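Asker: Need a 3D model of the following:
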Amino acid sequence: MTGDKSRLAAAGLRISVLGLVILVLGILAHRFGVADFRLALLGLAGGAGLGLLGALVSAIALVIGIVSSRRGVRTAIAGLVIGLLVAAPVGQAMIAGSKVPAIHDVTTDLDNPPAFDAVVAKRGDTSNPLDRAEPADLAELQAQAYPDLTTLEIDMQPGKVYEAALETAREMGWEIVASNPEAGMIEATATTRVMNFKDDVAIRVTERGEGAAVDMRSVSRVGISDMGANANRIRTYLHTLKVKLDAAE
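Answerer: The predicted model follows:
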């Protein structure tokens with residue numbers, strides 16, 4: 001692979017590497033507070049787009065190199081791998097996000113969602129509101145997308161359930177903002193690993209019959225759609241809590 005063919009492989013690699021650089025810069029800029037989430041997401045999308053382009057160019061160069069049995073195959077493979085590594089995670093997130101409604105406030109109790117108090121001061125003026133007023137059909141959208149998110153009912157004394165709920169929240173790595181055993185309330189903040197986005201969580205343990213009921217709410221501070229993150233957080237937490245309580249019986 002000489003001349004134009006060799007240059008094609010080199011171009012694919014350069015485009016893929018550029019995509020990787022832009023992706024990393026977008027992540028770091030948000031984590032260190034240099035850019036707001038919109039600019040950071042734009043960097044992720046741009047980096048992923050370049051990664052995909054680099055992968056395509058590299059794939060073409062690779063085919064040409066294999067057919068002609070000339071130089072540039074390794075360069076093409078490197079460009080293809082880097083491009084796919086850059087584009088795949090963002091692409092997967094976008095595909096997953098397209099399958100869920102554009103909401104960012106999810107709860108197990110649509111009629112009476114757990115309320116936030118102590119965490120409000122930490123959210124700041126630019127965060128999403130907590131009034132669940134938008135979209136107007138929020139409850140309906142959630143019910144259609146996440147019918148499995150319901151109140152967890154446990155045949156156990158509420159005080160013991162609350163202790164397990166608080167312990168589970170700590171085990172999830174969340175920052176416990178407030179805990180009120182008398183009211184059965186827990187408020188916490190979850191921070192995403194890559195982008196450092198902060199989502200707030202409210203957990204409510206109440207007496208129900210001879211046992212207890214656990215409700216949970218998870219709300220993103222920024223963004224219109226959470227791409228299913230809040231629903232997944234609630235599922236994971238309630239499953240972990242149930243396993244812990246079942247083991248304690």
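Asker: so what are the domain limits for the protein?
Answerer: The record's domain parsing of the chain by automatic domain parsing lists 4-98, 105-248.
Asker: can you pull out the helices in the chain?
Answerer: With helices called from DSSP state H, the chain shows them at 4-31, 37-68, 73-98, 120-123, 138-145, 158-171, 229-248.
Asker: got a markdown table for these, with distance to Glu182 and mean pLDDT too?
Answerer: (Glycine included, C-beta is placed from N, CA and C.) Shown next, in a markdown table, are these (distance: least, CB to CB, whole Å; pLDDT from 0 to 100):
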| stretch | distance to Glu182 | mean pLDDT |
| --- | --- | --- |
| helix 4-31 | 37 | 90 |
| helix 37-68 | 36 | 92 |
| helix 73-98 | 39 | 92 |
| helix 120-123 | 20 | 94 |
| helix 138-145 | 29 | 97 |
| helix 158-171 | 10 | 97 |
| helix 229-248 | 20 | 96 |
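Asker: right, and the ones you listed - which one's nearest Thr191?
Answerer: helix 4-31 (10.1 Å; CB to CB).
Asker: what angle separates the closest one from helix 37-68?
Answerer: For helix 4-31 against helix 37-68, the angle by axes from the mean of the first three to the mean of the last three CA atoms, to 10 degrees is 160 degrees.
Asker: For Ala178, list the residues it contacts.
Answerer: 117-119, 185-187 (CB atoms under 8 Å, 6 or more residues apart in numbering).
Asker: Among those residues, name the ones in strands.
Answerer: Judged by DSSP state E, these include 185-187 as members of strands.
Asker: what's the burial count for Ser58?
Answerer: 30 (other CB atoms under 10 Å).
Asker: Wait, it touches Ala9, no?
Answerer: Yes - counting by CB atoms under 8 Å, Ser58 does reach Ala9; the two are 6.6 Å apart.
Asker: Need the overlap of contacts for these two.
Answerer: 75-76, 79.
Asker: what's the closest of the helices of the chain to Pro113?
Answerer: helix 138-145 (9.3 Å).
Asker: May I see the buried residues of the closest one?
Answerer: With burial defined by 16 or more other CB atoms under 10 Å, the residues of helix 138-145 counted as buried are 138-139, 141-142, 145.
Asker: Which pLDDT value does the model give Met1?
Answerer: pLDDT for Met1: 43.
Asker: Can you give me the distance of Met216 to Ile203?
Answerer: 5 Å (CB to CB, to the nearest Å).
Asker: what do the two both touch?
Answerer: What both Met216 and Ile203 touch, as defined by CB under 8 Å, 6+ apart, is the set 114, 237.
Asker: quick one on the thing from earlier: quick check, nearest of the ones in strands among the contacts of Ala178 to Ile64?
Answerer: For those, the minimum distance to Ile64 (CB to CB) is 58.4 Å, reached by Glu187.
Asker: returning to that earlier point: the ones in strands among the contacts of Ala178 into CSV, with extra columns for neighbour count and distance to Asp155?
Answerer: Shown next, in CSV, are the ones in strands among the contacts of Ala178 (neighbours: other CB atoms under 10 Å; distance: CB to CB, whole Å):
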residue, neighbour count, distance to Asp155
Met185, 21, 22
Ile186, 26, 21
Glu187, 25, 26
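Asker: which of these lies closest to Val177?
Answerer: Glu187 (4.5 Å).
Asker: Make sure that closest one is actually in contact with Val177.
Answerer: Yes - using CB under 8 Å, Glu187 makes contact with Val177 at a distance of 4.5 Å.
Asker: what residues do these two have in common as contacts?
Answerer: 118-119, 200.
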